[in-house]
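Colleague: with the input below, show me the fold.
(chains A and B)
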Amino acid sequence: MRKCYFDHVATNPVHPDVLEAMIPYFKEEFGNPLSVYEYGARAKNAIESAREKVASLVNAKPAEIIFTSSGAEANNFALRGIALAKQNEGKHVLVSRMEHHSVLNSARFLEKSGFAVTYLPVDKKGFVDPETVKKSITKETTLISVIHASSEVGTIEPLKEIVNVAKEKNIVVHTDAVATTGNIPVDIRDLGVDLLSMAAHQFYGPKGAGALYIKQGLRIVPLIYGGIQESGRRAGTENVPAIVGMGKAAEIAEAEIQKRMDCLLPLRERIIDAMSGVDRVYLTGDRKNRLPGHASFCVEYIEGESMLLLLAAKGIFSASGSACSSKALKASPVLLSMGVPSSLAQGSIVFSLGSGNTSEDIDYLLNEFPAVIKRLREISPYAQGWGDREEGGQECTVKE
Amino acid sequence: MYSERVMDHFTNPRNVGDMEDADGVGIEGNPTCGDAMKIYIRVRDGKIVDAKFKTFGCGAAIAVSSMVTEMVKGKTLDEALAISKEAVAQELGGLPPQKMHCSNLGADALKKAIEDYRSKQAK
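Modeller: Numbers count the residues shown, from 1 in each chain, chains lettered A, B, ... in the order given. A predicted model of the protein is given here:
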């Protein structure tokens, strides 16, 4: 049976050249970068070489890149680190409602620690309005965090406009660029952001490696205290193989980014065009300003997890923001914040394409997916309409 | 994540459909929460002779509906009322813990269908 992996926002396989670059650092080049003898020096050189490559991918200076264990750590580091470093200037932070849990839950931590947080609303395409940002800024505001692009709905945010608003008031801007770095051009000088999070496994690097770009001269409080690794900003013996892998993945991404986008865009367009012809299937996110390999929908009258399972039985692997497919059993806050009714949000499905996906994979998907929708609607009591149970009929209480 | 029995009842659900002139209908759950099921029963001489369902929900919700409609056939109303969520889950070879409460609505929908039948009879 054909296997179609359409969940590249979840994770990606490691590029073969990346794996090859990493292997020596598990074996003969096992040294601790802090050691003064030759093993240490070679490991240190490998990390610095990786730092140059990651910096180059986002047009930063190598000294502006701090390696972390993940995109989530980079997001935690940015939010806590800047809020704490600037708490004498003010204790107000703005975050958008499109953010990943690692940003949202860091914001909640700040709230519990005495900071005020404003959650910026979004429109039905998922865009943060720079005017709303402007109106939400107070004298106390020290940090704004807006995601570069949503892995759930693919929408790419108007970051430059948001940065312009922030710069008028001298406020630091962080962006979670985990979904974009290595997949579309990301240039910190062009975007104008002060901090940017990235994760290696989103561009064919290994899991366990991320990075935070921190603009030169910006003071940040560490998340992890200990030794002097990463200029004292992130302690802990470096994950040398993973960092080397991230560097190699960054180098390949920089060289191939246009080719990757040119390859994915027409595949994405085919899915969106074809699904627009299926009754009561709605595209989520913006049609144009979206990640090149990203096609996401809400399918009315059926539920996401059952779609995922029937598709998986056909060898098609995708994601959903439905309550049942999440371990937390809550529908995607991103979809709800975009005004998607919660019953419709249960029918969320996300196809994220990547290297290895072909036109034949899309043929297969477009053949199987409508059949899965039809089958589940035959089982659904609502296939003719939501009736009087549409919205807010009953509380969603867990019954014992 | 699901047992083989759950996957079997999810991918080949038994008794899917609407029932015209059903003797009792029960609805449980809410699509805004992710799961909702509708169970129809036909009753003859105090026994459930047929059951059908329509379900909106995850794999567990569909499998539970399928299993409940199977378990109930041939049972007296009192025997059917005694079917518990745990019994349905057990017949399915177990359900993941987080699915036990929100998706395991079959027994509740069945109870409502029986109540519906009894209230119609009382009139």
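Colleague: who in chain B is up against chain A?
Modeller: When proximity is defined as C-beta under 8 Å from any C-beta of the partner chain, chain B approaches chain A at B:2, B:7, B:10-11, B:13, B:16, B:27, B:30-38, B:54-62, B:98-99, B:101-103, B:108. The C-beta positions use only the backbone N, C-alpha and C, and glycine is treated the same way.
Colleague: for residue B:57, which non-adjacent residue is spatially closest?
Modeller: The shortest distance from residue B:57 to any residue other than its chain neighbours is 3.6 Å, reached at residue B:35 (C-beta to C-beta, 6 or more residues apart in numbering or on different chains).
Colleague: near the one you found, how many residues? Count them for me, please.
Modeller: 29 (other C-beta atoms under 10 Å in any protein chain shown).
Colleague: what of the one 3 residues further on?
Modeller: Counted with other C-beta under 10 Å, the neighbours of residue B:38 add up to 24.
Colleague: list the contacts for it?
Modeller: A:381, B:25-27, B:53-55, B:109 (C-beta atoms under 8 Å, 6 or more residues apart in numbering or on different chains).
Colleague: isn't there a strand covering it?
Modeller: Yes. Applying DSSP: H, G, I helix; E, B strand; the rest coil, one finds residue B:38 inside a strand.
Colleague: show me the beta-bridge partners of it.
Modeller: Taking DSSP bridges as the rule, residue B:38 bridges to residue B:27, residue B:54.
Colleague: ok, back up a step: taking the contacts of residue B:38, tell me the two that lie furthest apart.
Modeller: B:25 and B:55 (13.6 Å; C-beta to C-beta).
Colleague: among the two, which residue is more densely surrounded?
Modeller: Between residue B:25 and residue B:55, residue B:55 has the larger neighbour count (other C-beta under 10 Å), namely 31 against 18.
Colleague: check contacts around the more buried one.
Modeller: A:379-381, B:35-38, B:61-62, B:65.
Colleague: check what pLDDT it gets.
Modeller: What the model reports for residue B:55 is a pLDDT of 96.
Colleague: any idea where the helices of the stretch 101-250 of chain A begin and end?
Modeller: A:101-112, A:130-136, A:159-168, A:188-191, A:240-275 (DSSP state H, counting those that start in this stretch).
Colleague: how far off centre is the last one?
Modeller: In this case it means helix A:240-275. 14 Å (C-alpha atoms, centre = their mean, to the nearest Å).
Colleague: report the helix or strand with the lowest average pLDDT across chain B.
Modeller: helix B:97-102 (a mean of 82; mean pLDDT, DSSP states H and E).
Colleague: so what secondary structure elements neighbour that one?
Modeller: Using 3 or more C-beta pairs under 8 Å, 6 or more residues apart in numbering or on different chains; DSSP states H and E as the contact test, no helix or strand touches helix B:97-102.
Colleague: next, the buried residues of it.
Modeller: Neighbour counts over helix B:97-102 (16 or more other C-beta atoms under 10 Å in any protein chain shown) mark B:98-100, B:102 as buried.
Colleague: after that helix, which helix or strand is next?
Modeller: helix B:106-122 (DSSP states H and E).
Colleague: what's that following helix in contact with?
Modeller: Under the criterion C-beta under 8 Å, 6+ apart, residues A:399, B:22-29, B:37-41, B:43, B:51, B:53, B:64-65, B:67-69, B:72, B:77, B:80-81, B:83-85, B:87-88 lie in contact with helix B:106-122.
Colleague: same question, stretch A:278-287
Modeller: A:125-127, A:150, A:152-156, A:272, A:275-276, A:294-301, A:335, A:338, A:340, A:344, A:348, A:370, A:373.
Colleague: just the buried members of these?
Modeller: For the contacts of stretch A:278-287, buried by 16+ other C-beta under 10 Å: A:125-127, A:150, A:152-156, A:272, A:275, A:294-301, A:335, A:338, A:340, A:344, A:348, A:370, A:373.
Colleague: check contacts around the closest residue to residue A:215 other than its chain neighbours.
Modeller: Spatial nearest neighbour of residue A:215, excluding adjacent residues (C-beta to C-beta, 6+ apart): residue A:194 at 4.5 Å. The contact partners of residue A:194, by C-beta under 8 Å, 6+ apart, come to A:172-174, A:214-215, A:218.
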